[in-house]
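Peer 1: coords please:
(4 chains, ligands or ions: 2)
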Amino acid sequence: MTLDTVKHAAGTPDVSQPWKELGLKEDEYARIREILGRRPTGAELAMYSVMWSEHCSYKSSKVHLKQFGEKAPESDALLVGIGENAGVVDVGQGYAVTFKVESHNHPSYIEPYQGAATGVGGIVRDILAMGARPVAVMDPLRFGAADHPDTKRVLPGVVAGIGGYGNCLGLPNIGGEVVFDSCYQGNPLVNALCVGVMKHEDIHLAKASGTGNKVILYGARTGGDGIGGVSVLASETFDSTGPSRRPAVQVGDPFQEKLLIECTLEIFRENLVDGIQDLGGAGLSCATSELASAGSGGMRVELDRVHLRDATLSPEEILMSESQERMCAIVEPGKVDRFLEICEKWDVIATVIGEVTEGSQLEIFWHGEQIVDVPPRTVAHEGPVYHRPYERPSWQDALQADDANKLARPANSDELRAQVLKLVASPNQASKSWITDQYDRFVQGNTILAQPEDSGMVRIDEETNLGVAVATDGNGRYAKLDPYAGAQLALAESYRNVAASGAKPLAISNCLNFGSPEDPAVMWQFAEATRGLADGCLELGTPVTGGNVSLYNQTGETAIHPTPVVAVLGVIDDVTRRTPVAFAEEGQLIYLLGETREEFGGSAWSQVVHDHLGGLPPVVDLEREKLLGEILIAGSRDGMIDAAHDLSDGGLIQAVTESCLRGGKGARLVVPDGLDAFTFLFSESAGRAVVAVPRSEELRFTDMCGARGLPATRIGVVDGTESDSTAVVELQGEFSLQLSELREAHEATIPGLLA
Amino acid sequence: MTARIGVVTFPGTLDDQDALRAARLAGAEAVSLWHRDKDLKQVDAVVLAGGFSYGDYLRAGAISRFSPVMETIIEQAKAGMPVLGICNGFQILTEAHLLPGAMLRNNHLHFICRDQKLRVENAGTAWTSDYEQGEEIQVPLKNMDGRYVADERVLDELEAEGRVAFRYLDMNPNGSLRDIAGITNEAGNVVGLMPHPEHAVEPLVGTGRTDGLGFFTSILKKLVTA
Amino acid sequence: MARVVVDVMLKPEILDPQGQAVQRALPRLGFDGIADVRQGKRFELEVDGDVDEAALARIHEMAETFLANTVIEDFVVKVEESK
Amino acid sequence: MARVVVDVMLKPEILDPQGQAVQRALPRLGFDGIADVRQGKRFELEVDGDVDEAALARIHEMAETFLANTVIEDFVVKVEESK
Ligand SMILES: Nc1ncnc2c1ncn2[C@@H]1O[C@H](COP(=O)(O)OP(=O)(O)O)[C@@H](O)[C@H]1O
Ligand SMILES: [Mg+2]
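Peer 2: Residues are numbered from 1 along each chain as shown, chains lettered A, B, ... in the order given. Ligands and ions are numbered 1, 2, ... in the order given. Now for the predicted structure:
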């Protein structure tokens, strides 16, 4: 067995290499040779191939993602923008908040529990690497049809994995989404979000600077996890024995991650690190090349010092291993002892594996022999950039012409009533508590709001009651009808949810889940969605702080609905002023804010009643969203509203039902002038919310709305209490439903399908 | 004068900060204890907090029970020092045989997080004197291994001696025998329960109830007047 | 090097919801004729050196005090193979 | 009535955090000389009737499709005893 050293590679230019098997294109391989002035060694080939993959290099999406920077709104709040592990936002009082959404879609289909678990683990390390204490997680999820047998395999596993990992880390799960649609049948979406908090001065970046500083790898031992394709390299190099089988599935160890968190935070407290990077996709290849290229100088790594779980791993495999629960830190020599001491305290294995050098190359050695000698930027940042062709699909016009507003509507009050019950019981609109009750939402003792509230909210300062709120949203049906508008609607809904809780939206993160970029139709969806999101963020004044792209989400030729998931982060100066969803006080007045039009394209009603997807999604008016947000925030701050719930899928009746169920109170509603009962109940016009206003505040509140030009329509009153069976949801002249009947319909569906 | 309440951090403990906060809110001096130290820093009482110590690998509480700090705690508890085990802490107390019985996986096999109603069945322990006998309280419950089991003889004995300290009301969330949510030792100084009083000490936060504060005020009164 | 296996099972009188869940699922999956299922743990220990009486006694003690909780579980120690 | 045992263990290349946690704890408890610990599951199935080739084949299939997750686990089926 021969080690493919740099020297050996220079002397054997004609050796054929498995670049194709590693997913490189011919011209990409040629470029690597050009950069190096020779053929790459096996280890170098491993690094380039994984770092230049779609997942790590964003080669198909880069040209579109650029807009998030180019069109970024002016914002004083943004402390660290796109490009780092996660963006950082100033929330006042010296605090900074970092948050990010990431996908773990494909692994979660293969092995739902571990795929989802390691998805949580990965995003938490991203947040930790910024210098922050992780304080909460969220999980936007998409599954195939609720009654499909495979959903019964995938969903419980995913939920158990998210819970199993997050609960064990002690991170409250404060929200997320669960959406069923057959387009996700062979390709569920498992997105995970983490929020972290730090003081401004604690922000850390991923860079290796300072000649002589040490590179320390710490956390779990390195095993053969997730190596997959690169084993072909190992089998080339180790022709005699051959590698042992390498697991393509990564198994998470949340306990190890918990230790890693506490250990890392203690290391930050003592100011022991200069630069830090988590190990995620592409493992050490990514961490070393990114650290080295972001810093000054080069880096030298002795790869044989890495603690292994599997002694048979080849150097190529060690470089590519995606073993979980590992971090890499750059530490001044004088601080190394203390660093290692803290690791020992937390039972975390730590190894000095190299140092920052004077040169500019990333050099990696294996038992003294050099196997990598590359300019790190070429690995980490100068990967290929594709301008993939895109084209509006031929079917788009027909889809939009298939107008949902023309679908048959309920013919009489009985049908209307039946459709209300059917809607609130449909899997997408039903209560998700069977799922969310498997997540700890109380741990850390700072949870102000959690599911099923509009946003998750945590207190970040016990003295001043400063808090942050986060919501995630994304409606693939809307985006399918119009990806530009769909992305903006996701943004608008998430923004609205944060504002409805009383927090001021500051910035966003996103996870863009799409089909294959090699399909021009999908690429068009992607281009439109990113353009919509960038334009929308500019208009709302909420910069994109970071995010994630997940492509190739499809089964065979069929792509999922384009699914941009948007997470909005907001700040609230005093969490005691937060607005919950629940109608809690009888006699309070229910107001509908915003305008209701006949908009049923992509609606829940069209799906539930007609199994239909067509037409145009609701009209986007971001100026209106902003105004609505301002009113909701002012109403909460000045004590004018006691409850608020945004309107989105399912429309008004869905929102009112949820507010009633949450508070155990009924509601008597009247159809406002100029609307018919059906449109009033089921329309999904954007820019709307319902609020409960104490009678004493009515005038002040309506004056404020009037002065600001926001339509506010009194639509009813909170009336009746569930515990004494007097609560009904009644639409005057149409129907009356016992709250208990609505509760049964809303809450029995998911357990019935999954338990 | 106030009392010193220690809260142990094992690797994987999660609710230690919450327990410290609850002790502080009750007026105590809250002291962090570390699993590797035998020294209890002169605390007057100890809380074993919730979480997943050692990942709950093997069995919940099985590995932590053998830590150095537990050696001293076991010794002191037997000598009368008040010890409260919450959730994982309760599991550790049973593994250490300071309390009888054992905790098993919930009967529905899922982690469960809910606002749980309880009845205080014994208001005479060191940790419950601020409650009324029979008082109903509501505090968060969150666990994977919350099913309390013991053999019939032990259960009868617990009942007869009034050592069932808390019982689940409305619904039994995990299949615990006889709806047992928490128990005490004979002397009443060692108490363990699955639900989390330390998560119910501030209005607004969590469920917004403060029903759990009584645990911490109870012990404080006892220690200060002692 | 030898392998010692410790099997730990819940005592028969203790409810085993994991085993029951498996058993309940079997007919749905088309497997009939299984009257009962119990689920337990299996530990494979690789022991340095010989597994003599003394070593076995120590492993027995380890199982009794640590690997099993004898309030609820029974265990069996077996020497499996040697390499 | 016969008992068939299915032992399910994580594949050797898959991380076994549980086994590792046990192994790391052993020296602290005074048990030395254990080089490795892996933790798996043991299913005890009580089978109605005879365990003939056909029955065993079915149990094998059951283990493969249901009791074990063959993405990450291996399994062994054994006829243990008959009563
Ligand atoms: N997978 C999940 N994890 C955590 N919370 C969830 C999850 N799915 C839904 N939720 C919560 O349930 C509530 C209702 O969800 P949804 O109807 O999607 O809210 P909205 O329509 O207001 O965006 C929200 O509080 C949401 O955060
Ligand atoms: Mg909402």
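Peer 1: Which one of the residues in chain C is closest to ligand 1?
Peer 2: C:Ala21 (23.0 Å; CB to the nearest ligand atom). C-betas here are computed from N, CA, C, even on glycine.
Peer 1: Make sure B:Val43 is indeed in a helix.
Peer 2: No: applying DSSP: H, G, I helix; E, B strand; the rest coil, one finds B:Val43 to be coil, outside a helix.
Peer 1: ok, it touching B:Val8?
Peer 2: No: using CB atoms under 8 Å, B:Val43 makes no contact with B:Val8, being 9.9 Å away.
Peer 1: Which one's more surrounded, these two?
Peer 2: B:Val8 (28 against 24; other CB atoms under 10 Å in any protein chain shown).
Peer 1: Across the sheet, point out what pairs with that one.
Peer 2: As for beta bridges, B:Val8 partners with B:Leu33, B:Leu48 under DSSP bridges.
Peer 1: do you know how far it is from chain C?
Peer 2: In this view, B:Val8 and chain C are 20 Å apart by CB to the nearest CB, to the nearest Å.
Peer 1: Surely that residue and B:Val69 touch.
Peer 2: Yes: if you go by CB under 8 Å, B:Val8 and B:Val69 touch, sitting 5.7 Å apart.
Peer 1: How about the contacts made by the residue of the stretch 401-550 of chain A found nearest chain C?
Peer 2: Closest residue of the stretch 401-550 of chain A to chain C, CB to the nearest CB: A:Gln438 (15.5 Å). Taking CB atoms under 8 Å, 6 or more residues apart in numbering or on different chains as the criterion, A:Gln438 is in contact with A:Val159, A:Ala160, A:Gly163, B:His110, B:Phe111, B:Ile112, B:Cys113.
Peer 1: shared neighbours of B:Val43 and B:Val8, anything?
Peer 2: With CB under 8 Å, 6+ apart as the test, B:Val43 and B:Val8 both reach B:Leu33.
Peer 1: elements contacting the strand or helix carrying A:Ser285?
Peer 2: Following DSSP states H and E, one finds A:Ser285 within helix A:283-294. Using 3 or more CB pairs under 8 Å, 6 or more residues apart in numbering or on different chains; DSSP states H and E, the elements in contact with helix A:283-294 are helix A:42-51, strand A:214-219, strand A:275-278, strand A:298-302, helix A:315-320, strand A:326-331, strand A:362-366, helix A:376-380.
Peer 1: what's the burial count for A:Leu628?
Peer 2: Using other CB under 10 Å: A:Leu628 sits among 27 other residues.
Peer 1: ditto for the one 10 residues further on
Peer 2: Counted with other CB under 10 Å, residues neighbouring A:Asp638 total 13.
Peer 1: Torsion angles phi and psi at it?
Peer 2: phi -100, psi 10 (degrees, to the nearest 10).
Peer 1: picking up where we left off before, need the helices and strands packed on helix A:283-294 in a markdown table with mean pLDDT and mean neighbour count, can you?
Peer 2: Listed next are those as a markdown table, based on pLDDT from 0 to 100; neighbours: other CB atoms under 10 Å in any protein chain shown:
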| stretch | mean pLDDT | mean neighbour count |
| --- | --- | --- |
| helix A:42-51 | 94 | 28 |
| strand A:214-219 | 98 | 24 |
| strand A:275-278 | 94 | 26 |
| strand A:298-302 | 96 | 22 |
| helix A:315-320 | 92 | 29 |
| strand A:326-331 | 96 | 26 |
| strand A:362-366 | 97 | 24 |
| helix A:376-380 | 94 | 24 |
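Peer 1: The ones you listed: which one's closest to A:Glu453?
Peer 2: strand A:275-278 (29.9 Å; CB to CB).
Peer 1: Name whatever forms a beta bridge with C:Val76.
Peer 2: Going by DSSP bridges, C:Val76 forms beta bridges with C:Asp7.
Peer 1: Verify the stated contact: it with C:Asp7.
Peer 2: Yes: with contact defined as CB under 8 Å, C:Val76 counts as touching C:Asp7 (4.7 Å).
Peer 1: So between the two, which is more surrounded?
Peer 2: Using other CB under 10 Å as the criterion, C:Val76 and C:Asp7 rank with C:Asp7 on top: 20 against 13.
Peer 1: show me the contacts for the more buried one.
Peer 2: Neighbours of C:Asp7 in contact, by CB under 8 Å, 6+ apart: C:Gly40, C:Lys41, C:Arg42, C:Phe43, C:Phe75, C:Val76, C:Lys78, D:Arg42.
Peer 1: One more: A:Asn513?
Peer 2: A:Asn513 neighbours (CB under 8 Å, 6+ apart): A:103, A:105, A:142, A:189, A:191, A:474, A:550, A:553, A:560, A:562-565.
Peer 1: Look up how far A:Leu189 lies from it.
Peer 2: Remark: distance between A:Asn513 and A:Leu189 (CB to CB, to the nearest Å) = 5 Å.
Peer 1: what touches both of B:Val8 and B:Val69?
Peer 2: B:Leu33, B:Trp34, B:His35.
Peer 1: What about those, which one has the most neighbours?
Peer 2: Ranked by neighbours (other CB under 10 Å), the shared contacts of B:Val8 and B:Val69 are led by B:Leu33, which has 22 neighbours.
Peer 1: is it true that that one touches B:Pro68?
Peer 2: No: applying CB under 8 Å as the test, B:Leu33 and B:Pro68 come out as separate, 10.6 Å apart.
Peer 1: returning to that earlier point: could you redo the contacts of A:Asn513 as JSON lines and give each row distance to A:Glu270 and neighbour count?
Peer 2: JSON lines is the format used below for the contacts of A:Asn513 (distance: CB to CB, whole Å; neighbours: other CB atoms under 10 Å in any protein chain shown):
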{"residue": "A:Ser103", "distance to A:Glu270": "34", "neighbour count": "27"}
{"residue": "A:Asn105", "distance to A:Glu270": "38", "neighbour count": "24"}
{"residue": "A:Arg142", "distance to A:Glu270": "42", "neighbour count": "25"}
{"residue": "A:Leu189", "distance to A:Glu270": "40", "neighbour count": "27"}
{"residue": "A:Asn191", "distance to A:Glu270": "34", "neighbour count": "30"}
{"residue": "A:Gly474", "distance to A:Glu270": "40", "neighbour count": "32"}
{"residue": "A:Ser550", "distance to A:Glu270": "37", "neighbour count": "24"}
{"residue": "A:Asn553", "distance to A:Glu270": "43", "neighbour count": "26"}
{"residue": "A:Ile560", "distance to A:Glu270": "46", "neighbour count": "25"}
{"residue": "A:Pro562", "distance to A:Glu270": "46", "neighbour count": "28"}
{"residue": "A:Thr563", "distance to A:Glu270": "42", "neighbour count": "33"}
{"residue": "A:Pro564", "distance to A:Glu270": "41", "neighbour count": "31"}
{"residue": "A:Val565", "distance to A:Glu270": "37", "neighbour count": "31"}
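Peer 1: now, which of the residues you listed sits nearest B:His97?
Peer 2: A:Asn191 (44.9 Å).
Peer 1: so the closest one sits in a strand?
Peer 2: Yes: using three-state DSSP, the assignment for A:Asn191 is a strand.
Peer 1: which residues pair with it across the strands?
Peer 2: A:Ser103.
Peer 1: isn't it right next to A:Val137, touching?
Peer 2: No: look at A:Asn191 against A:Val137 with CB under 8 Å: they stay out of range, at 11.0 Å.
Peer 1: now the helices for chain C?
Peer 2: Using DSSP state H, the helices found in chain C span residues C:17-28, C:53-62.
Peer 1: got a list of what A:Gly720 touches?
Peer 2: Contacts of A:Gly720 by CB under 8 Å, 6+ apart are A:Glu586, A:Lys665, A:Gly666, A:Thr726, A:Ala727, A:Val728, A:Leu739.
Peer 1: Which of the residues you listed sits closest to B:Lys78?
Peer 2: Nearest to B:Lys78 among the contacts of A:Gly720, with distances taken as CB to CB, is A:Lys665, at 51.9 Å.
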